[in-house]
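K.L.:
Quick check, what structure comes out for this input:
(2 chains)
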Amino acid sequence: MFRNQYDTDVTTWSPTGRLFQVEYAMEAVKQGSAAIGLRSRSHVVLASVNKAQSELSSHQRKIFKVDDHIGVAIAGLTADGRVLSRYMRSESINHSFTYESPLPVGRLVVRLADKAQVCTQRSWKRPYGVGLLVGGLDESGAHLYYNCPSGNYFEYQAFAIGSRSQAAKTYLERRFESFNESSREDLIKDAILAIRETLQGETLKSSLCTVSVLGVDEPFHFLDQESIQKVIDTFEKVPEEEEDGGEAEAEAAAAPTEQGGAGDQDVAPMEM
Amino acid sequence: MTFTIPIDNGDSVKTAEADSQRTLYPYVTGTSIVAIKYKDGVLMASDMGGSYGSTLRYKNIERMKAIGKHSLLGASGEISDFQEILRYLDELVLNDNMWDDGNSLGPKEVHNYLTRVMYNRRNKFNPLWNTLVLGGVKNGESYLGMVSMIGVSFEDNHVATGFGNHLARPILRDEWHADLSFEDGVKLLEKCMRVLLYRDRSAINKLQIAKITEEGVTVSQPYSLKTFWEFKAFNNPTAGAEGSW
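P.N.:
Reported below is the predicted structural model:
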């Protein structure tokens, strides 16, 4: 994508029928660190890679609880993501207050999409630079949606967004057909394995990822570091032990904390 | 549209204007509603009368209406306010259906929505002058609740409005039990309605019984209860006190 004379304004069409500002906003999503979501018939798991500005700082929060039955993982401009999460929480709680009943996630997602669309059709606004993976429950079971800066939304069995999400998507594409019937534990394991794909060689540690679960009988909550590490231990052997078939992570001497890999050496500070 | 009545006290002029903007008293009213949970859902009974003060003016008013797929609403109190509430609910149900997404408003949601509406109006000193009974079944679970004009809201196994609270509920407290059959439920409601017919001045002998189950709502055709006036005490009522009537 190169600079051209049609990309200054979100309300300017290009001769080929594109809104470049919207597409640039979608680029911002691709620069953020990875977030993935998967769902079974009864559960949704959202996971993200923890990225910190520097070794001195804490990592950026990318997964938010919207309600007991809805969670959202974001990638892109986290400030925009926070604002949209606040909107979602507001809509959810207003619905709960009026109807004493949880807001069906499908309806929340449409409101979110309509809100994003407005920003693609006002000359004084800009599109939200964040992609949202919304997981939640409604009467027909568990759902996972992806909301785009363009105002589009899609429902998924499993999806990954952010940098190096293609690796996770490839992993998920191989396995997604079985997800509907997966147990909660298998779903979590698959989520962590997909996260590992995006790390591309880096040692998978529980401090590097955040995992959250929600289900039919389980309100949204984060898994603690211990539980995540336990799952990691089931498929990652400790480097010292030489067991055949164990993942030999000893070779991964590559820089443990940096974002090694394609194109994001100059990650803008506001994007995570 | 608003008239300023010239009165000595400057304040009264403003009050007269302001008062025409809010409900002060009801005009055409419906009397009690009685409702119970039974084996397959909820049964509700009401008569078809609309009183204009002490005149039994209207005798064909349906005070129970189906709301969406899962709920039944009965109202006592101001009939025009009930009609207004039906318009609000119509819009609510319409918007819910327009989503076309497999989710639908259940009785609990409708009940809470009505509670919010009634309470908000009460806070503005402009109430909808009704006591509402909301019954329904969704996913096999029966629901029965009530909201008053001041926003008092609760659920129970049996509810009644107006005079029904005083005359019908004691009967229900004694004789209601879980898993009543349809026939027993109707018999129980008729017992309550008969007492109300004898003792409530605004009741008329033309009632409907509505039932809501997982399958949907059915409102019966209007019918009358058999009454008995040959009680010994009614014969020669002045026997014990000559000269009285």
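
K.L.:
average pLDDT across the one helix or strand residue A:29 maps to?
P.N.:
Here residue A:29 sits within helix A:20-31, counting by DSSP states H and E. In this model, helix A:20-31 has a mean pLDDT of 94.

K.L.:
partners of the following helix or strand past it in the sheet?
P.N.:
Once the chain leaves helix A:20-31, the next helix or strand it forms, by DSSP H and E, is strand A:35-39. Strand A:35-39 pairs in its sheet with strand A:43-49 (antiparallel), strand A:158-161 (antiparallel), by DSSP bridges.

K.L.:
how far is the first one from where the chain is centred?
P.N.:
Right, strand A:43-49. Centroid separation for strand A:43-49 versus its chain: 7 Å, with Cα atoms, centre = their mean, to the nearest Å.

K.L.:
Mind checking the pLDDT average for it?
P.N.:
The average pLDDT within strand A:43-49 is 96.

K.L.:
picking up where we left off before, buried deepest among the strands paired with strand A:35-39, which one?
P.N.:
Most buried of the strands paired with strand A:35-39, by mean neighbour count (mean count of other Cβ atoms under 10 Å in any protein chain shown): strand A:43-49, with a mean of 29. Placement of C-beta: from N, CA and C, glycine included.

K.L.:
picking up where we left off before, which positions in the helix holding residue A:29 come out as buried?
P.N.:
Neighbour counts over helix A:20-31 (16 or more other Cβ atoms under 10 Å in any protein chain shown) mark A:20-22, A:24-26, A:28-31 as buried.

K.L.:
and residue B:151, what does it touch?
P.N.:
B:115, B:118-120, B:122-123 (Cβ atoms under 8 Å, 6 or more residues apart in numbering or on different chains).

K.L.:
Checking my notes, it in a helix, right?
P.N.:
No: Residue B:151 sits outside any helix when classified using DSSP: H, G, I helix; E, B strand; the rest coil, being coil.

K.L.:
Can you report how many residues lie near the nearest residue to it once chain neighbours are set aside?
P.N.:
Excluding the flanking residues, the one nearest residue B:151 by Cβ to Cβ, 6 or more residues apart in numbering or on different chains is residue B:119, at 3.0 Å. A count of neighbours around residue B:119, defined by other Cβ atoms under 10 Å in any protein chain shown, yields 17.

K.L.:
Show me the contact partners of the helix ranked longest in chain A.
P.N.:
Counting residues, the longest helix in chain A under DSSP state H turns out to be helix A:78-99. Applying Cβ under 8 Å, 6+ apart, the external contacts of helix A:78-99 come out as A:32, A:60-62, A:64, A:66-67, A:70, A:72, A:74-75, A:101-103, A:108, A:111-112, A:115, A:128-130, A:132, A:134, A:270-272, B:105, B:108-109, B:112-113, B:116.

K.L.:
and with 6 Å instead?
P.N.:
Contacts to helix A:78-99, defined as Cβ atoms under 6 Å, 6 or more residues apart in numbering or on different chains, come from residues A:60, A:64, A:66-67, A:72, A:74, A:103, A:108, A:111, A:128-130, A:272, B:109, B:112-113, B:116.

K.L.:
Just the buried ones from those, in ChimeraX syntax?
P.N.:
To isolate the buried members of the contacts of helix A:78-99 in ChimeraX, using 16+ other Cβ under 10 Å:
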select /A:60,64,66,67,72,74,103,108,128,129,130,272 /B:109,112,113,116
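
K.L.:
Among the contacts of helix A:78-99, name the ones in helices.
P.N.:
Cross-referencing the contacts of helix A:78-99 against helices under DSSP H gives A:108, A:111, B:109, B:112-113, B:116.

K.L.:
Make JSON lines out of those residues and add distance to residue A:223.
P.N.:
Output for the ones in helices among the contacts of helix A:78-99, formatted as JSON lines (distance: Cβ to Cβ, whole Å):
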{"residue": "A:108", "distance to residue A:223": "23"}
{"residue": "A:111", "distance to residue A:223": "29"}
{"residue": "B:109", "distance to residue A:223": "32"}
{"residue": "B:112", "distance to residue A:223": "33"}
{"residue": "B:113", "distance to residue A:223": "36"}
{"residue": "B:116", "distance to residue A:223": "37"}
